[in-house]
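Trainee: Dropping a prediction and its sequence here:
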Amino acid sequence: NAEYMGVFRSPAMAKSHAQADLESAVEKTIDGFELSMRPLQKKQFECQARCVDSNAPAAQVQSCLQNCARQMMEVANTFQTEMQAFQNKYMRCAQLCDDRVRAQFNLGPSQQFGEQHEPALIQCADECSAEQLKLVPGLAGRLNSVLHK
């Protein structure tokens, strides 16, 4: 769910407290959203069961099934869009960290970061994580509002 969080970490770097807090908040938001979706999923499955229980022609049954799935598809599309936007914002911050640390240490684009660069990377990553953490309540609100349309 929060796989983008590893963007700042090399295998040797430990996850910072700020990154762990953000990852936990995102996972909690996603878990809560998925739990809140269950009544809608149940409604869709019951609707689809009624479609296939009918003696209608195949084309009519197919249309019925699609109509039953429409709201869940809208919810899934909104979820994907919201999470992609959230991830993209975080990735832009990660790129700015990369640029900032490279400039600070006069590293070219092909040069690797070393241990001496990790404190600056971690500090910048923590700032990104702290800023992104502030956006989680808004994300949660937008995700939950799509369930109540």
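Mentor: Ah, there it is. Numbering: from 1, shown residues only.

Trainee: What's the separation between the residue most central in space within the chain and Lys15?
Mentor: Geometric centre of the chain, nearest residue: Met83, 3.4 Å, by C-alpha atoms, centre = their mean. Using C-beta to C-beta, to the nearest Å, Met83 is found at 20 Å from Lys15. The C-beta positions use only the backbone N, C-alpha and C, and glycine is treated the same way.

Trainee: So for the least confident helix or strand in the chain by mean pLDDT, what gets flagged as buried?
Mentor: Least confident element among the helices and strands of the chain, by mean pLDDT, DSSP states H and E: helix 118-133 (a mean of 92). Buried residues in helix 118-133, counted by 16 or more other C-beta atoms under 10 Å: Glu118, Ala120, Leu121, Ile122, Cys124, Ala125, Asp126, Cys128, Ser129, Gln132, Leu133.

Trainee: What's the separation between the closest residue to the third one other than its chain neighbours and Cys47?
Mentor: So the one you mean is Leu121. Once flanking residues are discounted, Leu121 sits nearest to Val101: 5.5 Å by C-beta to C-beta, 6 or more residues apart in numbering. From Val101 over to Cys47 the distance is 53 Å, taken as C-beta to C-beta.

Trainee: To what extent is Val61 buried, counted in neighbours?
Mentor: Close neighbours of Val61, defined as other C-beta atoms under 10 Å, add up to 16.

Trainee: Sketch out the low-pLDDT regions of the chain for me.
Mentor: 1-14 (pLDDT under 70).

Trainee: If we use 90, what do you get?
Mentor: Applying pLDDT under 90 to the chain picks out residues 1-17, 19-20, 54, 109-115, 118, 121-122, 125, 147-149.
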